[in-house]
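Trainee: Coordinates only, no sequence provided:
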């Protein structure tokens, strides 16, 4: 897996040579720090969809939970970030598995998608891809983060929707 991770990451990181691609990857990385973009989106959803405010807030809590779970697993696994390429962005921590950006983005796509926010999937996918273009995660880090985020949102789906009440 490490050889495939290495080759995929090198190919995607090379796309960051285009200044427009690099700028987009940097912007997404910044917006996704600590799940900020997704937490803000959930709060906006709660503000504009008063009838399902509680569901949006619980969905936002699931996004935060996915991000925190990713950060916790990083401290246990302690996989170093890719060292064979120059990253486009600085990172807060030195560990890479799983990607917390991918965890929070995917949790948002799944949780908010269950509330009818289907437009979250494309930017969540872009967020995941940006971590590879930025050169700060191995592809398996991003895949594991996305799986963690999806699992978190699915396990919390019944709680999020309030079992039909809000």
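Mentor: All right, it came through fine. Not measured: the values here are computed from a predicted model.
Trainee: Go ahead and name everything in contact with the host helix or strand of residue 61.
Mentor: Using DSSP states H and E, residue 61 maps to helix 53-77. Contacts to helix 53-77, defined as Cβ atoms under 8 Å, 6 or more residues apart in numbering, come from residues 34-35, 38-39, 42-43, 45-47, 49, 93, 95-100, 102-104, 106-108, 111-112, 114-115, 145, 148-149, 152-153, 156, 159-162, 166. No exception for glycine: its C-beta is placed from N, CA and C like everyone else's.
Trainee: Next SSE downstream of that helix?
Mentor: The helix or strand immediately downstream of helix 53-77 is helix 100-113, counting by DSSP H and E.
Trainee: and the nearest residue to residue 96 once chain neighbours are set aside, how many neighbours?
Mentor: If the residues on either side of it in the chain are set aside, residue 96 comes closest to residue 81, at 4.3 Å by Cβ to Cβ, 6 or more residues apart in numbering. Using other Cβ atoms under 10 Å, residue 81 has 17 neighbouring residues.
Trainee: Distance check, residue 81 against residue 103.
Mentor: Distance, residue 81 to residue 103, by Cβ to Cβ, to the nearest Å: 16 Å.
Trainee: Contact partners for the residue nearest the centre of the chain?
Mentor: Residue closest to the average C-alpha location in the chain (Cα atoms, centre = their mean): residue 102, at 2.5 Å. Counting by Cβ under 8 Å, 6+ apart, residue 102 touches 70, 127-128, 131, 137, 141-146, 148-149.
Trainee: do the same with residue 9
Mentor: Contacts of residue 9 (Cβ under 8 Å, 6+ apart): 82, 84, 85, 132, 135, 137, 138, 139.
Trainee: do you know how far the residue nearest to the centre of the chain is from residue 145?
Mentor: 3 Å.
Trainee: which residues are in contact with both of the two?
Mentor: Common neighbours of residue 102 and residue 145, using Cβ under 8 Å, 6+ apart, are 70, 128, 137.
Trainee: for the last one, helix, strand, or coil?
Mentor: Read that as residue 137. Put simply, residue 137 is coil when judged by DSSP: H, G, I helix; E, B strand; the rest coil.
Trainee: Could you pull up phi and psi at it?
Mentor: Residue 137 adopts backbone torsions of phi -140, psi 150, taken as degrees, to the nearest 10.
Trainee: what's the neighbour count on residue 125?
Mentor: Neighbour tally, residue 125, other Cβ under 10 Å: 15.
Trainee: On the three-state scheme, it is what?
Mentor: Reduced to three states with three-state DSSP, the structure at residue 125 is helix.
Trainee: Quickly note the distance from it to residue 131.
Mentor: In terms of Cβ to Cβ, residue 125 sits 11 Å off from residue 131.
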